[in-house]
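Peer 1: Here you go, sequence then predicted model.
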Amino acid sequence: MMDELYRDYILEHYKEPHHFGELENPDMQAHDVNPLCGDELGVHLKVDESGTITDLAFHGKGCAISQASASIASEELIGMKVDDVAKLDADWLIDLLGIEISPTRRKCALLNLKVMRGAVTGDASWPE
Amino acid sequence: MMDELYRDYILEHYKEPHHFGELENPDMQAHDVNPLCGDELGVHLKVDESGTITDLAFHGKGCAISQASASIASEELIGMKVDDVAKLDADWLIDLLGIEISPTRRKCALLNLKVMRGAVTGDASWPE
Amino acid sequence: MTEQAVHAPASLAQRVRGDFPILAQEQDGKRLVYLDSAATGQKPSSVIDAIDSFYRNSNAPIHRSTYALAESSTQLFEGARERIAAFMGATTETTIFTRNATEAINLVAHAWGRDPRTGNIGEGDVVLVTEMEHHSNIVPWQMLCRDTGATLDYVKITDDGLLDADDLAAKLAGGNVKLFAVAHISNVLGTVNDVKALVAQARAAGATVLIDGSQAVPQMPVNVAEIDADFYVWTGHKAYGPTGIGVLHGRRELLATMRPWLGGGDMIKVVNWNDSSYNDLPWKFEAGTSAVAEAVGLGAAIDFIAELGSENIRAHEHALVENALPRLAEIPGLTVVGPGAEARGGVISFTLDGMHPHDVGELLGRENVCVRTGHHCAQPLMRRLGIPATARASFACFNDTDDVDALIEALHKARKVFGL
Amino acid sequence: MTEQAVHAPASLAQRVRGDFPILAQEQDGKRLVYLDSAATGQKPSSVIDAIDSFYRNSNAPIHRSTYALAESSTQLFEGARERIAAFMGATTETTIFTRNATEAINLVAHAWGRDPRTGNIGEGDVVLVTEMEHHSNIVPWQMLCRDTGATLDYVKITDDGLLDADDLAAKLAGGNVKLFAVAHISNVLGTVNDVKALVAQARAAGATVLIDGSQAVPQMPVNVAEIDADFYVWTGHKAYGPTGIGVLHGRRELLATMRPWLGGGDMIKVVNWNDSSYNDLPWKFEAGTSAVAEAVGLGAAIDFIAELGSENIRAHEHALVENALPRLAEIPGLTVVGPGAEARGGVISFTLDGMHPHDVGELLGRENVCVRTGHHCAQPLMRRLGIPATARASFACFNDTDDVDALIEALHKARKVFGL
Ligand SMILES: Cc1ncc(COP(=O)(O)O)c(C=O)c1O
Ligand SMILES: Cc1ncc(COP(=O)(O)O)c(C=O)c1O
């Protein structure tokens, strides 16, 4: 059975998320909540002198979309410059996920990018 | 032209109200407001030892119904015992007026009885 | 009166009369002459149908559920907010739904006025209103002054019903006016205040400014970005919309730092055992289940106004006022309160010698001419004018000169009943 | 399950399904299975029509005008209050319209809780709620405690979702509980609290008592005179009524001495320059233009409930719960939270191993089965239960066992998508 939203790779990331956990002595971190559902997400980053993200771990509880999104995004984010992370927008992440997201679930998908941007810029607003 | 509400005697009492004014050193008095329209009415009473109302004056501003009602009622009230005044109900006054009163105008008609009862009993509730 | 002034009203009213189901009513064969829109507006079919259709087809909890019906109700609700905000020159973040204008003013009096962290209002401060305010823009400030030790003061009006500019300047010059709250259009005098200039003047004197736009939004173009007040409030039921909804537009920076006033569902992010963090704007100020159908209805009302064009409604009502004022002045013993047509919205209050306004209202009502009588929730203004009450005729887009004719005729008839 | 339990639901639902226009909706050929009445209720035609007809035929300002239309709107509004008050075992004087239950609770927290004259709540005092409260019955008390220095405390719940009687007794025995605020029915656990006994117990300990009846009024017979709480609040939109209206019933003596909370039109008698005298009950607490159409709609909703009979609705939903509970328990990994059917209203919250409630809600939504997912505005309760969220199915008079079948089937299907 193939589902348009819960594709196999989404469910795989959900069941076995990559880079899930915490880092000791993170260089940057942030934590936030989706007020609509109460889902929580925190992120820890290691950043080297050049401003490149060398390691990342996220933790929290959430639905398949929010967990898979964080897992998939983390693969891309490691190795990026924090300055470039600050410029990422919602479309970047939605495209990366490769699934159609309804308006209600959009925040589930974007929560990790919101938290990431919060960690690197201090701006906790939702990605547009 | 004969109007069902503004009958000749109502308009006469409105234009030349009986017992309109104030009394010096009243034995009892009260003053109240109709919150729906802001009309005000005050009443002053002279009461003898037997508890009989010997004189009465009312003052204030209001519509034809409230002023005529006060004027017509005052004729009846002079000579009454205050104990009996305390027992008067809305029907007494409405019957006395002899006109059909719509629900909205009912309070116009009853304001003077409310104030009268307030003066003799201290109870400022609307007559039922 | 110019040709234009006669024709403009007829044409707009002709176009829209059919949109208002209630106008089809008759009483003893007399058509409904509704001249009480300043008290509450009538609703076009599009508004009634939007509410009806919401309940029939789209009703579901908003914001939080994952099924299709709930997505559509959320979109209808937030979509209405978007259209309302855009029409008013505001953003969705700064467009807060309340129950009515009154609640919006109370929100400001509590969340802004009583915040112990900022002490916005305290002893020695002045809250300045005007003699022409509605009780809703007086009583919340009386309560605030009672609780904080501040002083309530009133800008005087001139005898022709305008704000007294000298008095305003003098009071602002006192230097302790922390808040200035004033109506955009007076619901009794009809006076249209130049609120943009008033905001600039009061701000220069250090005051925060609240504009009560309850009468203005249905009557004239309003752009809150241009007016630039700190707070601008209005009410749905007077703006062709449903009861049960009002709007507060606030300056973003103020709203962002103000603490929420009402606690409950929807206005929180995280609820801990002993404290909570609060949701983003505008939801921070919308506690509990929202007036969803009402927002949808208000969205339809704003669409209706936008389609007619606020400037056309203004011109239309202005022409009716120009038609009515001289004709009313011809009635013996009739005195209009308030300014001339130039400075006046679609509101005419008057007194009639020898008849109390209540009796005027009653007798007009028998002719199916609906006017308001009483103090119009402006007792201080009545006291200032030295009268207990007035009768008031007010116009909307659907009124025409036939309605003015009916008013004049009914007034003559009423005077006859009283032998005048 | 008894024969009766199977047949009773079918018959009531059969009778009323046609009354709810929204239930005629289909999505990809699947009928609407609305199991989210605890979030917001659907409206019968009689309610929608009452609102529609009000705006088409009777809309006019209430209370104050002298023409016929205004008399009829006033009678519709106050007549609705009379029927609602009578149905609830209250009087019109003690039946106050608010925007929703949330606002009613905030009214009490402000007008009763913050009155500086009485110091009802102050330092050293305890405001006692329970672990099963909705945010609307928590956050206003957090704010009150923040502002007064009082302490907020929570009565514990047992592992099967009942109030912990020992903990309650111990906390009341402290002697400093000034207010006890508790839900009549929990919106997450479904627990039906014996509020009459709780009121007596808390009052004996010197506490004032507020009951949050938001979930109870639509589900079961409620008589506020019998329950005898100091304050009883509920909300229109969950009780088959419109959005934008709620109700506060208060003890007369308390309401009479409480100061009004919101200032504005309608709640005053005389407005002087610096202070005002206030109107009689219930209007003293209803500032500004009322939610008139909403009151009329709520009157029709109460008529609808009264005609069906609250006890029949209760029996009907109880039978559905009895039908659903054992069938849900058979689904692998599904855990129901809250008590057994005896102590439960028409609400079933559950978790499913390996699936977040949001994903459950999404997949059920595709089958046109509408359930709520999330924290249900009860984050402290979620924390107590040690879970982030649940899915929740809740029943109304129009649900039947076909709806339960659809729920069970959709849950099986959802598990398959997740490879469970
Ligand atoms: C138990 C309970 N209390 C209070 C409320 C708040 O109701 P409203 O949002 O209509 O004010 C709700 C529902 O949201 C509820 O379920
Ligand atoms: C000028 C003005 N301000 C405020 C209000 C209050 O509006 P509402 O009663 O809808 O809150 C009104 C009307 O009643 C008004 O005319």
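Peer 2: Okay, I see it. Keep in mind that what you see is a predicted model, and the values were worked out from it rather than measured. Numbering: from 1, shown residues only, chains lettered A, B, ... in the order given. Ligands and ions are numbered 1, 2, ... in the order given.
Peer 1: Quick check: buried residues in the longest helix along chain A?
Peer 2: Determined from DSSP state H, the single longest helix within chain A is helix A:103-121. Neighbour counts using 16 or more other Cβ atoms under 10 Å in any protein chain shown place A:104-105, A:107-121 of helix A:103-121 among the buried residues. All C-beta atoms are positioned from the backbone trio N, CA, C, and that covers glycine.
Peer 1: For chain B, what is the nearest residue in chain A?
Peer 2: residue A:35 (42.7 Å; Cβ to the nearest Cβ).
Peer 1: Not counting its neighbours along the chain, what's nearest that residue?
Peer 2: Nearest residue to residue A:35, sequence neighbours excluded (Cβ to Cβ, 6 or more residues apart in numbering or on different chains): residue C:269, at 4.3 Å.
Peer 1: Can you give the domain ranges for chain C?
Peer 2: The record, using automatic domain parsing to delimit domains, assigns chain C the ranges C:3-31+C:309-417, C:48-306.
Peer 1: close to chain B, is the shortest one?
Peer 2: In this case it means domain C:3-31+C:309-417. Yes. Applying Cβ under 8 Å from any Cβ of the partner chain, one finds that domain C:3-31+C:309-417 is in contact with chain B at C:355-359, C:362-363, C:373-375, C:379, C:382, C:388-389, C:416-417.
Peer 1: Of the residues you listed, keep whichever come out buried.
Peer 2: Among the residues of domain C:3-31+C:309-417 next to chain B, those classed as buried by neighbour count (16+ other Cβ under 10 Å) are C:355-359, C:362-363, C:373-375, C:379, C:382, C:388-389, C:417.
Peer 1: Which one of the residues you listed is nearest to chain A?
Peer 2: residue C:379 (43.4 Å).
Peer 1: partners of the closest residue to that closest one other than its chain neighbours in the sheet?
Peer 2: In this structure, residue C:379 finds its nearest non-sequential neighbour in residue D:271, 4.3 Å apart by Cβ to Cβ, 6+ apart. Residue D:271 has these beta-bridge partners by DSSP bridges: residue D:276.
Peer 1: pLDDT below threshold where in the chain?
Peer 2: Let's take chain A. A:1-2 (pLDDT under 70).
Peer 1: Switch to chain C, please.
Peer 2: Within chain C, the segments meeting pLDDT under 70 span C:1-10.
Peer 1: which residue is nearest the centroid of it?
Peer 2: residue C:214 (1.1 Å; Cα atoms, centre = their mean).
Peer 1: What's the local residue count around residue C:297?
Peer 2: When neighbours are counted by other Cβ atoms under 10 Å in any protein chain shown, residue C:297 registers 33.
Peer 1: I misspoke; the intended subject was residue C:315.
Peer 2: 17.
Peer 1: quick one on the thing from earlier: which neighbouring residues are in contact with the residue nearest to residue C:379, exactly?
Peer 2: C:135, C:138, C:139, C:379, C:380 (Cβ atoms under 8 Å, 6 or more residues apart in numbering or on different chains).
Peer 1: what do you get if the cut-off is 10 Å, keeping everything else the same?
Peer 2: B:38, C:133, C:135, C:138-139, C:142, C:375, C:377-383, D:263, D:265, D:277 (Cβ atoms under 10 Å, 6 or more residues apart in numbering or on different chains).
Peer 1: now swap in residue A:59 and tell me
Peer 2: A:17, A:19-23, A:31, A:40-44, A:70.
Peer 1: what does residue C:404 give?
Peer 2: Contacts of residue C:404 by Cβ under 10 Å, 6+ apart are C:9, C:33, C:35, C:320-321, C:323-325, C:327-328, C:348, C:393, C:395.
Peer 1: Buried among these? Make that a ChimeraX selection.
Peer 2: Listed next is the ChimeraX selection for buried residues among those, using 16+ other Cβ under 10 Å:
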select /C:9,33,35,320,321,323,324,325,327,328,348,393,395
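Peer 1: List the ones among the contacts of residue C:404 that fall in strands.
Peer 2: C:33, C:348, C:393 (DSSP state E).
Peer 1: which residues does the second one bridge with?
Peer 2: When you say that, I think you mean residue C:348. According to DSSP bridges, beta-bridge pairing links residue C:348 with residue C:393.
Peer 1: nearest spatial neighbour of residue 105, skipping sequence neighbours?
Peer 2: I went with chain A, as the question did not name one. Closest to residue A:105 by Cβ to Cβ, 6+ apart is residue A:65, at 5.5 Å.
Peer 1: let's do chain C instead
Peer 2: residue C:140 (5.1 Å).
Peer 1: which secondary structure element contains the one you found?
Peer 2: helix C:139-148 (DSSP states H and E).
Peer 1: where exactly do the helices run in the stretch 101-250 of chain C?
Peer 2: C:101-107, C:139-148, C:165-173, C:195-204, C:224-227 (DSSP state H, counting those that start in this stretch).
Peer 1: Let me fix that, I meant to ask about chain A.
Peer 2: Taking DSSP H as the criterion, chain A carries its helices at A:8-15, A:64-77, A:82-87, A:90-97, A:103-121.
Peer 1: do you know which of those lies nearest residue C:249?
Peer 2: Proximity to residue C:249 (Cβ to Cβ) singles out helix A:103-121 among these, at 24.8 Å.
Peer 1: by how many degrees do the closest one and helix A:64-77 diverge?
Peer 2: Taking axes from the mean of the first three to the mean of the last three Cα atoms, to 10 degrees, one finds helix A:103-121 and helix A:64-77 inclined to each other by 40 degrees.
Peer 1: Next up, the contacts around residue 29.
Peer 2: I went with chain A, as the question did not name one. Per Cβ under 10 Å, 6+ apart, neighbours of residue A:29: A:22, A:23, A:42, A:43, A:44, A:45, A:57, A:115, A:118, A:119.
Peer 1: To clarify, I was referring to chain C.
Peer 2: residue C:368.
Peer 1: Against residue C:19, how distant is the closest residue in space to residue C:288 that isn't next to it in sequence?
Peer 2: Of all residues not flanking residue C:288 in the chain, residue D:102 sits nearest, at 2.6 Å (Cβ to Cβ, 6+ apart). Residue D:102 is 35 Å from residue C:19, where distance means Cβ to Cβ, to the nearest Å.
Peer 1: So the two - more neighbours on which side?
Peer 2: Taking other Cβ under 10 Å, residue D:102 and residue C:19 do not tie; residue D:102 has more neighbours (31 against 18).
Peer 1: Now for the residue of chain A found nearest chain D: which residues touch it?
Peer 2: Proximity to chain D, evaluated over chain A using Cβ to the nearest Cβ, is greatest for residue A:63 at 3.7 Å. Residues near residue A:63 by Cβ under 10 Å, 6+ apart: A:14, A:34, A:37, A:39, A:69, A:105, A:108-109, A:111, C:66, D:355-362, D:373, D:388-389.
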